[in-house]
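Student: Quick one: sequence and predicted model below, then my questions.
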Amino acid sequence: MPWESAEATALVGEVHRHLLLAIRALPPRQREALVLRYYLDLSEEETARSMGIRRGTVKSATSRALAALGQRMQGYS
């Protein structure tokens, strides 16, 4: 926002940097599931086909990834 202070802008940048580091630290399957589901906005079925895995595995990988990110991001909200 144009009205935010320089400090607020820097803090948002730091949160984004920390989030990217946390995403990079995820196991490859979890990272791939998150990117396909939330960045590319694919359905669970489309993600499963793209990854060559079952839909349930997509759900599991996504759930684990979100839980791991939640833990890693504590204190950065």
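Tutor: Looks like it arrived, so ask away. All values reported here derive from a predicted model rather than from experimental measurement. Residues are numbered from 1 along each chain as shown.
Student: Excluding sequence neighbours, find me the nearest residue to Leu36.
Tutor: Distance criterion C-beta to C-beta, 6 or more residues apart in numbering; nearest residue to Leu36, sequence neighbours excluded, is Thr47 at 4.3 Å. C-beta here means a position set from N, CA and C on the backbone, and glycine is covered the same way.
Student: Surely Arg54 touches Ala48?
Tutor: Yes. Look at Arg54 against Ala48 with C-beta atoms under 8 Å: they come within range, at 5.9 Å.
Student: The two: which is more packed in?
Tutor: Ala48 (19 against 11; other C-beta atoms under 10 Å).
Student: For Tyr39, report the pLDDT, please.
Tutor: The per-residue pLDDT reported for Tyr39 equals 93.
Student: Tell me how far it lies from Gln74.
Tutor: 22 Å (C-beta to C-beta, to the nearest Å).
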